[in-house]
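> take a look and give me a structure for this.
(one chain, ligands or ions: 1)
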Amino acid sequence: MKIIKRRDFIAALGAGALGSAGLAACTREAPDTSSAPGSRRKKIRWKLVSTWPPNFPGVGTMVNELASMITSMSGGRLEVKVFGGGELVPALQVFDAVSRGTAELGHGAAYYWKGSVPAAQFFAAVPFGMTAQQMNAWLYYGGGIELWRELYEPFGLVPFPAGNTGVQMGGWFNREINSVEDLRGLKMRIPGLGGEVLRRAGGTPVTLPGSEIFTSLQTGAIDATEWIGPYNDLAFGLNKAAKYYYYPGWHEPGSTLECIVNKSAYESLPEDLKAIVSAACDAANVRMLSEYTARNAEALQRLRDEGATEIRRFPEPVLDKLRGHSEEILEELTASDPVVAKVRDSYRSFYRRAHAWHEISEGAMQDARSLP
Ligand code: CA
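Below you'll find the predicted structure:
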C-alpha cells in the first residue's frame, strides 16, 4: 500500500503536479535522515492535523499544547504546526492524511476510523467499557499499545494515547426517560456504537457535527443529544435547548484520544526526538484528563447553581437494556472479524480484572465517601 502511494507521489512529481514550489516545500520539510555529525541540530518541521475544530476548548487546545511541548522540549529542533479540522484536510480524513504522509502527526479518536478498521474503536471507547484509568492501565501495562501498534502497522502509523475526556454525560433530553419504552422513537444525536445500541432499543440515532447540535435540539429536529460533558456542553449552550441532563455516559465511559505518527517519519527521528514525541503524548494524556475533571466539576456546579436543569440518572432498567444490546452488538462484531476478536479478548480479560480491583478500591472508596 505504501509502495503504491510512493509511486503515486513520484508520478505526481514527474507530471509537475506539485510544481516547483511544492517540490521545494517537500524537500525543505522532509525529516532529516542524515547521520552526519552536526545533523542533530537541523530543524525538522512537522504538520499536525487534528479532527477537532481549531482551538476548541479541551480537545483542541490540548492539541496546541501537545505541539508546543514537542517544539519546546526539543529546543526547537522538531517544530510542530497545528492544523484544526478542515484547515489542511477534512476532520475525518486525518487517519488517511497521516497514513499517506500529507502530515506527519494527527490527533483524533480511534472510533472515527471504525469504518476501515473495525477493531479501532476499542482504543477509544466502547459502550459500558473501561474508564480512563482502566484504559490507561490496559494501554500502558496490559499489552494494549502493542496491539494498537499492530493494528495500525499496515497503515504506516504509530499510535500513542494522547488525551482522555473521562466519563462523558448521557446527554441532553427534551423528553423524560422513565422506562425502556421512552427510548422508542427517540431521535437522538449519538454517533458510533452507542447509536447502534440506541437503534436496537427502538430509537433513531442521528450523526451531526458539533456545530449543528444546538439548533437541531432547540428546533425539535432531534429529541436528545450527547456531546461530551458539562465543560463542553455548556460551551455549546445545550442547557438552553433542553431541560433534562442524564447520566452516566454509558456509551463513552472514558474516551481515549490518540496521536498518530507517520511511521517512516517517526523512524527517521533520532532516539531523543522519538522519546520527546512519546513523552509529550503521555503528558497530553494526563493533562487532558485532569483538565476535564477540573472544568467539568466547575461547569456542573454552575448548572446546579443556575437551577434550570434537571440532572437525572438513567433508570436501572434502561441501563440494563442498553447494556444487553451493547453486549449483543459486540458479540456480533467479534464473530464477524478475527482482528476484532483478538483485540476484544485482550480488552475484555483486562477489563474483568481491573473491574474486580476497582470494585473494592475506587468504587468502594466512592461509596464510602458518599455515606451520610
Ligand atoms: Ca460524546
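
> neighbours of the nearest residue to Asn178 once chain neighbours are set aside, just the number please.
Excluding its sequence neighbours, the residue lying closest to Asn178 (Cβ to Cβ, 6 or more residues apart in numbering) is Pro315, at 6.3 Å. Where C-beta positions appear, they are placed from N, C-alpha and C, glycine not excepted. By the criterion of other Cβ atoms under 10 Å, Pro315 has 15 neighbours.

> quick one: stretch 43-56 near the ion?
No: under the criterion of Cβ under 5 Å from the ion, stretch 43-56 makes no contact with the ion; the nearest approach is 12.5 Å.

> centre of the chain to that stretch, how far?
15 Å (Cα atoms, centre = their mean, to the nearest Å).

> buried stuff in it?
44, 46-53, 56 (16 or more other Cβ atoms under 10 Å).

> and for stretch 91-103?
Neighbour-count burial for stretch 91-103 [16+ other Cβ under 10 Å]: 91, 93-95, 97-103.

> for it, the averaged confidence score.
When pLDDT is averaged over stretch 91-103, the result is 96.

> same check on stretch 161-173?
Taken as a whole, stretch 161-173 carries a mean pLDDT of 98.

> quick one: classify Leu257 as helix, strand or coil.
Here Leu257 is recorded as strand under DSSP: H, G, I helix; E, B strand; the rest coil.

> and for it, the neighbour number?
29.

> could you find the closest non-adjacent residue to it?
Closest residue to Leu257 apart from its sequence neighbours, by Cβ to Cβ, 6+ apart: Gly163 at 3.4 Å.

> and if you look at Lys321?
Nearest non-adjacent residue to Lys321, counting by Cβ to Cβ, 6+ apart: Val180, 4.8 Å away.

> same thing with Ser68?
In space, and not counting its chain neighbours, Ser68 is closest to Val80: 7.7 Å by Cβ to Cβ, 6+ apart.

> hang on, that neighbour in a strand?
Yes: assessed by three-state DSSP, Val80 belongs to a strand.

> give the bridge partners for it, please.
In this entry, Val80 is beta-bridged to Trp46, by DSSP bridges.

> which SS state does the residue nearest to Leu257 fall under?
For Gly163, the assignment made with three-state DSSP gives strand.

> does stretch 290-303 reach the ion?
No: remark: stretch 290-303 sits outside contact range of the ion, by Cβ under 5 Å from the ion, the gap being at least 11.9 Å.

> tell me the average confidence for that stretch?
What stretch 290-303 shows for mean pLDDT is 98.

> pull the residues that contact that stretch.
57-58, 62, 164-166, 229-231, 233-234, 239, 245, 309, 311 (Cβ atoms under 8 Å, 6 or more residues apart in numbering).

> swap the cut-off to 6 Å and go again
Identification of contacts with stretch 290-303 by Cβ atoms under 6 Å, 6 or more residues apart in numbering yields 165-166, 229-231, 234, 309.

> possible to save the residues you listed as CSV with secondary structure?
Shown next, in CSV, are the contacts of stretch 290-303 (three-state DSSP):
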residue, secondary structure
Thr165, coil
Gly166, coil
Gly229, coil
Pro230, helix
Tyr231, helix
Leu234, helix
Thr309, coil
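
> and the helices in the stretch 101-250 of the chain, which stretches?
132-141, 144-152, 192-200, 210-218, 230-235 (DSSP state H, counting those that start in this stretch).

> if you could redo that for the stretch 251-372 of the chain, that was the one I meant.
Ranges of helices within the stretch 251-372 of the chain are 263-267, 271-306, 316-336, 338-358, 364-370, based on DSSP H, counting those that start in this stretch.

> now the longest one, how far from the centre of its chain.
If I follow you right, that is helix 271-306. Worked out by Cα atoms, centre = their mean, helix 271-306 lies 13 Å from the chain centre.

> quick check: closest non-adjacent residue to the residue most central in space within the chain.
For the chain, the residue nearest the mean C-alpha position is Ala109 (2.5 Å; Cα atoms, centre = their mean). In space, and not counting its chain neighbours, Ala109 is closest to Ala124: 4.4 Å by Cβ to Cβ, 6+ apart.

> cool, and Met188?
Leaving aside its sequence neighbours, Met188 sits nearest to Ala224 (Cβ to Cβ, 6+ apart; 4.1 Å).

> same thing with Ala137?
Nearest non-adjacent residue to Ala137, counting by Cβ to Cβ, 6+ apart: Ala354, 6.0 Å away.

> poorly predicted segments of the stretch 51-200 of the chain, please.
Judged by pLDDT under 70, the stretch 51-200 of the chain has no weakly predicted residues.

> in it, what residue is nearest the ion?
Gln168 (4.9 Å; Cβ to the ion).

> ok, that residue to Ser74 distance?
34 Å (Cβ to Cβ, to the nearest Å).

> residue contacts, His355?
By Cβ under 6 Å, 6+ apart, His355 lies in contact with nothing.

> try Phe83
The neighbours of Phe83, taking Cβ under 6 Å, 6+ apart as the test, are Val49.

> per-domain residue ranges of this structure.
In terms of domains, the chain is parsed into 1-32, 41-167+254-293, 171-252+307-362 (source: automatic domain parsing).

> circling back to that earlier point, let's have the buried residues of stretch 43-56 in TSV, adding secondary structure.
Putting the buried residues of stretch 43-56 into TSV (three-state DSSP) gives the following:
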residue	secondary structure
Ile44	strand
Trp46	strand
Lys47	strand
Leu48	strand
Val49	strand
Ser50	strand
Thr51	coil
Trp52	coil
Pro53	coil
Phe56	coil
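
> which parts of the stretch 151-300 of the chain sit against the ion?
168, 252.

> hmm, 8 Å instead?
Proximity of the stretch 151-300 of the chain to the ion is confined to 165, 168, 190-191, 194, 226-228, 249, 251-252, 255 under the rule Cβ under 8 Å from the ion.
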